[in-house]
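Asker: mind looking at a prediction? Sequence and model below.
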Amino acid sequence: MNVQFKKGVLDLCVLAMLNDNDRYGYELASTLSEAIMISDGTVYPLLRKLASDGLVASYLQESQSGPPRKYYSLTSMGRIRLQELLDDWITFTASVNKIVGGKSA
Amino acid sequence: MNRKEYITALRAQLRRLPSDDVEEIVKEFETHFEMGLADGKSESEIAAKLGSPEEVSQIYLSDAIPAFDVSGAQNVCAPQMPIIPVKTGMVIDRGVGPQTAAGFAAGGFARPLVNAAPRNTAPKPEPPSFENAHTGAKDKETYEEPQPQTGKKYDLPDYTQYPSQDPNTVKKAGKEHNLLFSVLSGGNGASVRRTLYLGDGNDFCRSRYGMSGDQSGIRRHCYALRGVLRCQGLHSGYVSLHPLHH
């Protein structure tokens, strides 16, 4: 899959994952790298950017095994952004499906 | 590449960033290695999956905004943007002229008029309890996130009114605060993309983008109630700062 294309949906994926549950960086990185074949390392700068934009917040929590985990959670500004991105995504995929001949569209 | 080599290379690549930021980033990657090891992966496997330190650091560097001068003398990284010392309750009044690229170039933003008019001349409210703003006891931040304040204006508490809460006091007390900054902007700059930055030279926060209307952002873990706001596309407005309660 095209790199630029993936980058575009990465924000959406991270915000969507955080909408279900607070998650720690490693968890987000491994899940996303497996699902959309990006490098694990690209998730961390993205999280940092989302945090500086006020879309996610973070907190540390001790874990039973290993180092304390830095959890990320969605802020309400993040939830608004997620909704915007989701709307864009749905509109976009519907339009593309129409063109490429998806019968469902 | 093993863990040590990876971290060393990452650190070297990030050296342009403020050292606090570098440490935070490095810590995140150290943790990633530790968790990967606990998952039974080898250091070189983990490093390979992370992507090269160059690739990763490039993303951090391109997201970063160069540090800027609190004294407000020069904004070297973006000369077209005025630097306005932030003070709660400050009104940025008709700071600018033309809102076009040519206008920027012609120095339309060169002399922002800043009226440090007090926001609220009504009797002062009771000083808000800054002491309880951050207990430090909770390991999870819970706070009410601000909603965009459309139509509802100027009702934020003015923390700089209270001498006991001046930046030095806050800093000495070693307390961290998350500050919300918001700009309620007026005027017509409908076609101008507004981005606001607030920072103290080492750290900054960027607001949400918007075409017009009110802007707000959150700056986390601030020690001092001061900063510099850089505005693009803003020609009148109102700046406020206040801590988010935990």
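Answerer: Arrived safely, thanks for sending.
Asker: for chain A, see how far away residue B:36 is.
Answerer: The gap separating residue B:36 from chain A is 7 Å, by CB to the nearest CB, to the nearest Å. (C-beta placed from N, C-alpha, C; glycine too.)
Asker: now do whichever strand or helix holds residue B:7, average pLDDT.
Answerer: Using DSSP states H and E, residue B:7 sits in helix B:3-13. Helix B:3-13 shows a mean pLDDT of 94.
Asker: neighbours around residue A:26, how many?
Answerer: Neighbour count for residue A:26, taken as other CB atoms under 10 Å in any protein chain shown: 24.
Asker: packing partners of the host helix or strand of it?
Answerer: Per DSSP H and E: residue A:26 is located in helix A:25-36. Using 3 or more CB pairs under 8 Å, 6 or more residues apart in numbering or on different chains; DSSP states H and E as the contact test, the elements touching helix A:25-36 are helix A:3-20, helix A:43-52, strand A:69-74, helix B:19-38.
Asker: taking chain A, what residue is nearest to chain B?
Answerer: Using CB to the nearest CB, the single residue of chain A nearest to chain B is residue A:39, 2.9 Å away.
Asker: Serialize the helices and strands packed on helix A:25-36 to JSON lines and add fields for mean neighbour count and distance to residue A:30.
Answerer: Output for the helices and strands packed on helix A:25-36, formatted as JSON lines (neighbours: other CB atoms under 10 Å in any protein chain shown; distance: least, CB to CB, whole Å):
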{"stretch": "helix A:3-20", "mean neighbour count": "16", "distance to residue A:30": "11"}
{"stretch": "helix A:43-52", "mean neighbour count": "21", "distance to residue A:30": "9"}
{"stretch": "strand A:69-74", "mean neighbour count": "20", "distance to residue A:30": "13"}
{"stretch": "helix B:19-38", "mean neighbour count": "17", "distance to residue A:30": "8"}
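Asker: wait, which of the ones you listed is closest to residue A:62?
Answerer: Evaluated over those, closeness to residue A:62 peaks at strand A:69-74, with 7.9 Å, by CB to CB.
Asker: could you list the single helix or strand in chain B with the lowest mean pLDDT?
Answerer: strand B:114-115 (a mean of 30; mean pLDDT, DSSP states H and E).
Asker: show me the shaky parts of chain B.
Answerer: Regions of chain B meeting the criterion pLDDT under 70 cover residues B:63-246.
Asker: ok, chain A next?
Answerer: Counting by pLDDT under 70, the ranges of chain A that qualify are A:1-7, A:66, A:102-105.
Asker: for residue A:32, list the residues it contacts.
Answerer: By CB atoms under 8 Å, 6 or more residues apart in numbering or on different chains, the contact set of residue A:32 is A:10, A:13-14, A:17, A:38, A:43.
Asker: in those residues, find the pair that's most separated.
Answerer: Within these, two members stand farthest from each other by CB to CB: A:17 and A:38, at 13.5 Å.
Asker: between its first and last residues, how far does stretch A:57-73 reach?
Answerer: From its first residue to its last, stretch A:57-73 covers 5 Å (CA to CA, to the nearest Å).
Asker: residues of that stretch that come out buried?
Answerer: By neighbour count, with 16 or more other CB atoms under 10 Å in any protein chain shown as the criterion, the buried positions of stretch A:57-73 are A:57-59, A:67, A:69-73.
Asker: those also near chain B: which ones?
Answerer: Filtering the buried residues of stretch A:57-73 for neighbours of chain B using CB under 8 Å from any CB of the partner chain leaves A:57, A:59, A:67, A:69-71, A:73.
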